[in-house]
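>>> following is a predicted model, sequence given first.
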Amino acid sequence: MSTTPVIDVDRLNLTYGDFHAVKDLSFQVRHGELYALLGTNGAGKTSTLEIIEGHRAPTSGTVRVLGRSPRDRRAVRPRMGVMLQESGFSPDLTVRESVRLIGRLTRRTDDVDRVLDLVDLTSRAGRRVSQLSGGEKRRLDFATAVYGTPQVLFLDEPTTGLDIQSRDALWATVDRIREDGTTIVLTTHYLEEAQQRADRIGLMHQGTLHREGTVSELTRALPAVIRFSLAPSAPRPPLQAVVDGDGKALVETFHLQKDLHLLLGWAQEHAVELPDLEAGPTRLDDVFRTLGTASHRGN
């Protein structure tokens, strides 16, 4: 396996007039990796992706995709699949014609029927785009992205508008594509998808890469949480807890197993019920919420 990164972003900058949208951004995506690039609204994530995909020129800095500039579309575009939030297919074309057209425009080759079967659109092959449901149009977006088995695949909010079964089917297809060595860059507002599937995550905020790492690396800096409810007559728990007016208690701890064991032993000894008990490590959405507070502390 090559050690050369599939995507190499080095000191990338993008300005719109006086607005600095992307600031000295640097990161790499490795071969076969699923890298989730996430960001708060206005973080510069979309601008960054547009540059990496070859749709926009940077103000300064360098970007390499598969060893080439993404602006070299003749060299890079046939090896790249892009699933945009909306692709804007012609409503008068059929599903089969749409997939074939995008394949030709991007100079990729494939068996259209194979791809339609892959995304469960075979029964809709002859149907016009205007007759498709929202979920079917999203699967069509996915079909045009995976056509030609690209070496690098960009998935921009891929499961928006899909029901649970369609989401599961899409991710099962992504898993099969990854087995063939495709590198994937994911953007999503469904943070649980990134938490479950990304090898590494880059968190952008105010144009910079605020934090980067595996889910474990990103979450271990924050305490785990224990939540439960307490009756007004219950004795004081053995852990430092914040209890609101409804009796809902919150414990933050860096020693989850030890403190949970202590709490359960105390409840058993004092015959205290702990309704709504839940405990677990910090979630990715908790890390996401710290982005704004971190920037305020730095101001």
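Thanks, I have the structure now.

>>> can we go C-alpha only for contacts and neighbour counts from here?
Fine.

>>> so where is the stretch 51-200 of the chain shaky, pLDDT-wise?
For the stretch 51-200 of the chain, no stretch is flagged by pLDDT under 70.

>>> could you pull out the helices for it?
73-76, 95-105, 112-118, 134-146, 164-179, 191-197 (DSSP state H, counting those that start in this stretch).

>>> alpha carbons of the second one, as PDB, please.
Coordinates of the C-alpha atoms in helix 95-105 are reproduced here as PDB (Å, rounded to 0.1, in the frame of the first residue of the first chain):
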ATOM      1  CA  VAL A  95     -32.300   7.300 -14.400                       C
ATOM      2  CA  ARG A  96     -30.200   5.200 -16.800                       C
ATOM      3  CA  GLU A  97     -29.600   8.200 -19.100                       C
ATOM      4  CA  SER A  98     -28.500  10.400 -16.200                       C
ATOM      5  CA  VAL A  99     -26.000   7.900 -14.900                       C
ATOM      6  CA  ARG A 100     -24.600   7.300 -18.400                       C
ATOM      7  CA  LEU A 101     -24.300  11.000 -19.000                       C
ATOM      8  CA  ILE A 102     -22.400  11.800 -15.800                       C
ATOM      9  CA  GLY A 103     -20.100   8.900 -16.600                       C
ATOM     10  CA  ARG A 104     -19.300  10.300 -20.000                       C
ATOM     11  CA  LEU A 105     -18.900  13.900 -18.800                       C
END
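
>>> that older thread, quick one: which of the helices of the stretch 51-200 of the chain is nearest R283?
The minimum distance between R283 and these falls on helix 191-197, with 8.0 Å, by Cα to Cα.

>>> show residues contacting the closest one.
L34, A36, L186, T188, I201, V215, R283, L284, D285 (Cα atoms under 8 Å, 6 or more residues apart in numbering).

>>> gap between the residue lying closest to R227 once chain neighbours are set aside and P275?
Nearest residue to R227 in three dimensions, chain neighbours excluded: L250, at 4.8 Å (Cα to Cα, 6 or more residues apart in numbering). Here L250 is placed at a distance of 13 Å from P275 (Cα to Cα, to the nearest Å).
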